[in-house]
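S.K.: Let me see the structure of the following:
(one chain, ligands or ions: 3)
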Amino acid sequence: MSLTRRQKWRIEKIQAERIARAQKASSNSETSLDNAGEEQTGLVITRYGQRLLVESESGDLYQCTGRQNIELSVAGDQVIFQKISNNEGVVTALLERENTLKRSQKLIASNVDELWLLVAIEPHYQFELIDRYLVVAENANLPINIVVNKIELSDNIQQVENDFSIYESAGYSVIYLSVKNKTNIKQFKNSLNDKTHIFLGQSGVGKSSLINELIPDLNLRVNEISIKSKLGKHTTTNTTLYHIPSGGDLIDSPGIREFQLDNLTNKEILSGFKEFKPFIGQCKFRNCAHINEPNCAIKQAIESGKIHQKRYENYLNLIG
Ligand SMILES: Nc1nc2c(ncn2[C@@H]2O[C@H](COP(=O)(O)OP(=O)(O)OP(=O)(O)O)[C@@H](O)[C@H]2O)c(=O)[nH]1
Ligand SMILES: [Mg+2]
Ligand SMILES: [Zn+2]
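M.R.: Ligands and ions are numbered 1, 2, ... in the order given. Next up is the predicted model:
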C-alpha cells in the first residue's frame with residue numbers, strides 16, 4: 001500500500017505531536033509515569049517478528065506492538081510508547097535516527113556509534129569476507145575496529161599477525177583475544193567507550209560469547225526477559241542491545257555465511273577501501289577504473305607499497 005502525500009503528511013504531523021507530548025511529559029517531574037496510557041520515550045532492545053521489546057527510561061521492559069503506519073523499529077531505536085499493562089505497550093512513534101546500519105537493504109540496527117568486526121581462527125578468517133564487511137561499515141561512515149578471537153587455536157600467531165598487518169597499515173586497529181582463555185579481555189573492555197557498539201561477523205566467531213564475558217550477569221537477564229524467542233540460544237537470531245554495567249551498550253547481531261553487497265555501487269565499493277581514499281581523484285583520467293589505465297594513482301600506490309596487493313585484488317573481485 002502506498003500512501004498519498006497528504007496521508008504521509010498527516011502521519012508525520014501526528015508523530016511529531018506525540019513526540020512533543022512525550023518529551024514534555026518526561027521533562028515534567030510532577031508527571032507520574034505509572035499512569036497506564038501515558039506516552040513516554042523508550043529504547044528498542046530487540047525485535048522479534050512484529051513485536052518489540054522496549055525499555056522505558058526507568059529501565060522497565062515492555063513487550064510492544066506498533067501502531068499501524070509506523071515504520072518497523074530495530075535495536076537502538078528511540079520510540080514513543082504507551083503502557084497498556086505492567087509489561088505490555090504500544091509504540092506510537094519513532095524518533096529520528098542518527099544513523100542506520102543496513103545489510104542487503106535490510107535494517108539491522110540504528111543509532112550505533114562504533115562497529116567491531118569479529119573474526120576468528122575457527123571458522124578461519126577469509127580476506128574477501130573481511131573486506132566485504134569493511135566496505136559496508138565504511139559506507140555507514142562509522143568507526144570500525146577488528147577483533148581476532150580464538151587466538152589460542154592458532155599454532156602460528158606470527159602468521160596471523162602478519163595477515164592482519166595489512167589491515168593495520170590500512171588504518172584499522174586490530175585486537176587479538178581469546179574468550180576461552182580470557183586473553184586480552186580486560187584490555188578489550190577498556191577500549192569500549194560508553195557509547196553504542198555493535199558486533200558484526202560470521203556465525204560462530206564468538207560475538208555472543210564475548211558479550212557474555214563482558215556482561216557477566218547477562219544470562220540472568222536473558223532469563224528474566226522470558227520472551228518466547230531464541231534469545232538464550234547459542235546461535236543468535238535476533239539483533240539485541242545489552243547494557244554494559246560500567247556504561248555504554250553492546251548490540252549483538254546474528255552472523256551470516258554470505259555477506260551480500262548487492263545494494264552497493266562500484267563507487268561505494270571503492271570508497272569502502274579506506275586506504276585508497278587519498279589516491280581517489282588523483283589518476284590521469286577522471287573516469288579511471290584503476291584497472292589498466294596509464295598513470296593510475298591507485299596502481300602507483302600499490303607499486304610503492306602504500307596499498308596492499310591483496311586488498312586491491314579483493315577490490316577487483318568485489319566490483320566484479
Ligand atoms: N576455542 C574457542 N572457542 C570459542 C572462543 N570464543 C567462543 N568460542 C566458541 O565458539 C562457538 C560460537 O560462539 P558464539 O558466541 O555463539 O558465536 P557467534 O559469533 O555469536 O555466532 P552467531 O550467533 O551464530 O552469529 C561457541 O561454541 C563458543 O564456545 C574462544 O576464544 N576459543
Ligand atoms: Mg551469537
Ligand atoms: Zn586509477
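S.K.: distance between stretch 194-213 and the chain's centre?
M.R.: Mean C-alpha position of stretch 194-213 versus that of the full chain (CA atoms, centre = their mean, to the nearest Å) differs by 10 Å.
S.K.: tell me the mean pLDDT for it?
M.R.: What stretch 194-213 shows for mean pLDDT is 91.
S.K.: before we move on, what about stretch 167-175?
M.R.: 96.
S.K.: How about exporting it as CSV, limited to the C-alpha atoms?
M.R.: What follows is stretch 167-175, C-alpha atoms only, in CSV (Å, rounded to 0.1, in the frame of the first residue of the first chain):
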residue,chain,number,x,y,z
TYR,A,167,44.6,-4.1,7.9
GLU,A,168,46.7,-2.2,10.4
SER,A,169,48.5,-0.5,7.6
ALA,A,170,45.2,0.4,6.1
GLY,A,171,44.4,2.2,9.3
TYR,A,172,42.3,-0.2,11.4
SER,A,173,43.2,-1.2,14.9
VAL,A,174,43.4,-4.9,15.4
ILE,A,175,42.9,-6.6,18.8
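S.K.: Which positions in that stretch come out as buried?
M.R.: 167, 170, 172, 174-175 (16 or more other CB atoms under 10 Å). (C-beta placed from N, C-alpha, C; glycine too.)
S.K.: Could you do stretch 237-245 as well?
M.R.: Result for stretch 237-245 [16+ other CB under 10 Å]: buried residues 238-244.
S.K.: Can stretch 202-215 be said to contact ligand 1?
M.R.: Yes. Stretch 202-215 reaches ligand 1 (CB under 6 Å from any ligand atom) through 203-209.
S.K.: so of those, which ones are in helices?
M.R.: 207-209 (DSSP state H).
S.K.: By neighbours, which of those wins?
M.R.: Among those, the one with the most neighbours (other CB atoms under 10 Å) is Lys207, at 27 neighbours.
S.K.: thought that one was touching Thr239?
M.R.: No. Applying CB atoms under 8 Å, one finds Lys207 not in contact with Thr239, separated by 10.7 Å.
S.K.: And for the residue in the stretch 1-150 of the chain that ligand 1 sits nearest to, the neighbour number?
M.R.: Closest to ligand 1 within the stretch 1-150 of the chain is Lys150: 3.8 Å, counting by CB to the nearest ligand atom. Neighbour count for Lys150, taken as other CB under 10 Å: 24.
S.K.: What parts of the stretch 201-320 of the chain come near ligand 3?
M.R.: 283, 288, 290, 296, 298 (CB under 5 Å from the ion).
S.K.: for the ones in helices among the residues of stretch 202-215 next to ligand 1, which one is nearest ligand 3?
M.R.: Closest to ligand 3 out of these is Lys207 (36.7 Å), distances taken as CB to the ion.
S.K.: Tell me how far that closest one lies from Trp9.
M.R.: Separation of Lys207 from Trp9 (CB to CB, to the nearest Å): 41 Å.
S.K.: can you check Ile244 too?
M.R.: 40 Å.
S.K.: circling back to that earlier point, now the residues of the stretch 201-320 of the chain next to ligand 3 in JSON lines, please, with extra columns for secondary structure and pLDDT.
M.R.: Output for those, formatted as JSON lines (DSSP: H, G, I helix; E, B strand; the rest coil; pLDDT from 0 to 100):
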{"residue": "Cys283", "secondary structure": "coil", "pLDDT": "96"}
{"residue": "Cys288", "secondary structure": "coil", "pLDDT": "93"}
{"residue": "His290", "secondary structure": "coil", "pLDDT": "95"}
{"residue": "Cys296", "secondary structure": "coil", "pLDDT": "97"}
{"residue": "Ile298", "secondary structure": "helix", "pLDDT": "97"}
